[in-house]
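[1] this is the structure alone, sequence omitted:
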């Protein structure tokens, strides 16, 4: 494990999109806005605010336009949104988002299950979206699902992953996110995949996106960073997940990842105490316990109180010592 | 992240001691024995069966003698127990345990809070225990608590840790366990501490023991292994914890750590499917959900079913394609 050596990392928050779309309760628009406004001050490079999907498909995010219109945009923070199709692109442009995030899966079965299209159909649709973004001079990020495995197909060959990267690189997108959609990645694989794709397109803005389904999310984060990927998706409190992976816990928790990276000497630019406070606000909104751990346990150097009877313990210990010396 | 390259690791199970002592429910003796007998067949190097502490201090383990007497000992598995004092050593020797595990903290405040003695008093008491073990030719392992930090004092200087290691090495113990008692360790620290202490005493049998309090347990495991510590404590299902660290989750979960290390190419010698089965047995005993994740999510390559309407999705996708081609 290398020390962070003050390497600057860029942190992207996905709770308000990837997280909220999985919650059973509709988060009121005012509450979404208040949370996003708070997050905007905490040092994020990017916040994925919402999704311009149809209200029928994802009712949890049916208020995308209003949220985008009413949030206070902080200078230096990129406010992005998921844009699935041409209709979504029009809505996104009207909302003046800073970046389009488009999504498809490198697994045919997962793409069909999740997006109800073949990969070729998704690519054709996203190519239209990308054309609209380019005309409006809005940068595009491509999030590729199942890069580290598909819960229905198993491992996805690296050549397949690279084939889809080649096609999006050919459309001159700004960045690509390697998504471990259902927490199948392990650190050795992460290092190999990240090094391979970065080596092929060093100028692309690469992001890694991990889920903690099998507990490896933080270890995978280190592997990606050591392989030179310095932009990371994460989700406050660890909310979010994938409906096609039963038993799956969600995204890695922002506060847990940031805490670890800061301990290791990386410069995340983030306000950790602010994150812990925001996680408490989020927990009240979603009305269930969050999987994130640092918001409960605190920073590693948070001091805990000694036992209430500590002074008596010391006195008794000293008394035993005197007793022994006098014996 | 290096590949495991078939490096052989030794796995120690602590659930039946470190875990059970923290459970509010008394686990019936027959159930303890059945679980330990099952664990004995799964590839562990060592199982910490019980603690020879007084029944008043730890009622959960008051059946230590009976458990030791009735378990089926598998060849090649070391059956160890915690031995706190001379009375415990006598009981342990009568039970013919394979190894003594003695415990003290490198933090004065933690040692007083947890063991109600100064570190010097603990050391003096353990020196007597070690003498008894040596006379009986039973090897001794020393578990040092709070090596990576104390929840009440904060970081413990490496010189302090090394001082206590020097003193136990002077008593010619067989091995030393570096315990992250309340989950304060981070990977860069782990690598530095493990390399330093191993460099000083390369012939000692070193073990690393992590808690997952702040989510870093698996990353810390990799750091320890990369620093050359090839023996690891872990707890089935992730049970166990520390009463002096509020909000703390427990030990790293055996099934999660073994799964990750196997994915990375290490040779753990463990039967992962057997572990997942044993975790289910354990969950029924403790009557609460276990923090371990792989027992719920399965191996990373466990295949999940496609959506029930998958064939219709494919038909509709193909129909759209034909429609477009005919347009």
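    Perfect, I can see it now. Quick caveat: nothing in here was measured; it's all calculated off a predicted structure.

[2] helices of chain A, start to end?
    Counting by DSSP state H, chain A has helices at residues A:29-39, A:64-70, A:86-94, A:108-115, A:119-135, A:158-170, A:187-200, A:217-226, A:254-263, A:272-286, A:294-297, A:310-326.

[3] which of the residues in the second one are buried?
    For helix A:64-70, a neighbour-count test (16 or more other CB atoms under 10 Å in any protein chain shown) marks A:64, A:67-68 as buried. (Each C-beta comes from the backbone N, C-alpha and C, glycine too.)

[4] list the helices and strands that helix packs on?
    Other helices and strands packing on helix A:64-70, by 3 or more CB pairs under 8 Å, 6 or more residues apart in numbering or on different chains; DSSP states H and E, are helix A:29-39, strand A:46-51, strand A:78-82, helix A:86-94.

[5] what are the contacting residues of the helix or strand bottoming out on mean pLDDT in chain A?
    The weakest-scoring helix or strand in chain A, judged by mean pLDDT, DSSP states H and E, is helix A:310-326 (a mean of 86). Identification of contacts with helix A:310-326 by CB atoms under 8 Å, 6 or more residues apart in numbering or on different chains yields A:307, B:109, B:112-113, B:116-118, B:121.

[6] check whether stretch A:289-307 comes near chain B.
    Yes: judged by CB under 8 Å from any CB of the partner chain, stretch A:289-307 and chain B are in contact via A:292-294, A:296-298, A:300-307.

[7] actually, stretch A:146-162.
    Yes: under the criterion of CB under 8 Å from any CB, stretch A:146-162 makes contact with chain B via A:149, A:151-155.

[8] ok, of these, which come out buried?
    Buried residues within those, counting neighbours by 16+ other CB under 10 Å: A:149, A:151-153.

[9] identify, from these, the entry nearest to chain B.
    Closest approach to chain B among those (CB to the nearest CB): residue A:151, at 4.3 Å.

[10] and the residue of the stretch 51-200 of chain A closest to chain B?
    residue A:186 (3.8 Å).

[11] hmm, back to that, need the contacts of helix A:310-326 in TSV (columns: neighbour count).
    TSV is the format used below for these (neighbours: other CB atoms under 10 Å in any protein chain shown):
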residue	neighbour count
A:307	16
B:109	21
B:112	23
B:113	23
B:116	18
B:117	20
B:118	19
B:121	19
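
[12] so can I have CSV of these showing distance to residue A:177?
    Below are these laid out as CSV (distance: CB to CB, whole Å):
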residue, distance to residue A:177
A:307, 47
B:109, 45
B:112, 50
B:113, 46
B:116, 53
B:117, 54
B:118, 54
B:121, 56
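
[13] so which residues on the stretch 51-200 of chain A come close to chain B?
    A:109, A:112-113, A:116-118, A:121, A:149, A:151-155, A:183-191.

[14] residues in contact with the nearest residue to the residue of the stretch 51-200 of chain A closest to chain B once chain neighbours are set aside?
    If you skip the residues right next to it in sequence, residue A:186 has residue B:263 as its closest partner in space, 3.8 Å away by CB to CB, 6 or more residues apart in numbering or on different chains. Shown in contact with residue B:263 (CB under 8 Å, 6+ apart): A:186, A:188-189, A:216, B:300.

[15] now do residue A:30 against residue B:294, distance only.
    Here residue A:30 is placed at a distance of 40 Å from residue B:294 (CB to CB, to the nearest Å).

[16] out of those two, which sits in the busier spot?
    residue B:294 (26 against 12; other CB atoms under 10 Å in any protein chain shown).

[17] closest residue of the stretch 1-150 of chain A to chain B?
    Closest residue of the stretch 1-150 of chain A to chain B, CB to the nearest CB: residue A:1 (4.2 Å).

[18] and that residue, what does it touch?
    For residue A:1, the residues meeting the contact criterion (CB under 8 Å, 6+ apart) are A:222, A:264, B:187-188, B:190-191, B:219, B:222-223, B:226.

[19] filter the residues you listed down to the buried ones, ChimeraX style.
    Typed into ChimeraX, the line below selects the buried ones among the contacts of residue A:1, using 16+ other CB under 10 Å:
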select /A:222,264 /B:187,188,190,191,219,222,223,226
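
[20] just put the contacts of residue A:1 in JSON lines and tack on distance to residue B:144.
    Shown next, in JSON lines, are those (distance: CB to CB, whole Å):
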{"residue": "A:222", "distance to residue B:144": "26"}
{"residue": "A:264", "distance to residue B:144": "23"}
{"residue": "B:187", "distance to residue B:144": "19"}
{"residue": "B:188", "distance to residue B:144": "20"}
{"residue": "B:190", "distance to residue B:144": "14"}
{"residue": "B:191", "distance to residue B:144": "18"}
{"residue": "B:219", "distance to residue B:144": "21"}
{"residue": "B:222", "distance to residue B:144": "21"}
{"residue": "B:223", "distance to residue B:144": "18"}
{"residue": "B:226", "distance to residue B:144": "21"}
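
[21] farthest pair in the contacts of residue A:1?
    A:264 and B:226 (13.8 Å; CB to CB).

[22] ok, residue A:24 - how many residues close by?
    Residues contacting residue A:24 under the criterion other CB under 10 Å number 8.

[23] could you measure from it over to residue A:60?
    Separation of residue A:24 from residue A:60 (CB to CB): 9 Å.

[24] likewise residue A:262?
    31 Å.

[25] can you check residue A:89 too?
    The gap separating residue A:89 from residue A:60 is 20 Å, by CB to CB.

[26] which of the residues in stretch A:20-35 are buried?
    Neighbour counts over stretch A:20-35 (16+ other CB under 10 Å) mark A:20-23, A:27, A:32-33, A:35 as buried.

[27] cool, and stretch A:133-151?
    Residues of stretch A:133-151 classed as buried: A:133, A:138, A:140-151 (neighbour count, 16+ other CB under 10 Å).

[28] and the gap between the residue positioned nearest the centre of chain A and residue B:126?
    Note on chain A: the residue nearest the mean C-alpha position is residue A:234, at 2.2 Å, using CA atoms, centre = their mean. With distances taken as CB to CB, residue A:234 is found 44 Å from residue B:126.

[29] thought residue A:168 was touching residue A:142?
    Yes: Residue A:168 is in contact with residue A:142 according to CB atoms under 8 Å; the separation is 4.7 Å.

[30] what touches both of these two?
    Both residue A:168 and residue A:142 are contacted by residue A:176, under the criterion CB under 8 Å, 6+ apart.

[31] where does chain A have low pLDDT?
    Flagging of chain A using pLDDT under 70 yields the residue ranges A:242-248, A:325-327.

[32] at 50 instead, please
    A:244-248 (pLDDT under 50).

[33] circling back to that earlier point, report the set of residues contacting both of residue A:24 and residue A:60.
    The overlap between the contact sets of residue A:24 and residue A:60 (CB under 8 Å, 6+ apart) is empty.
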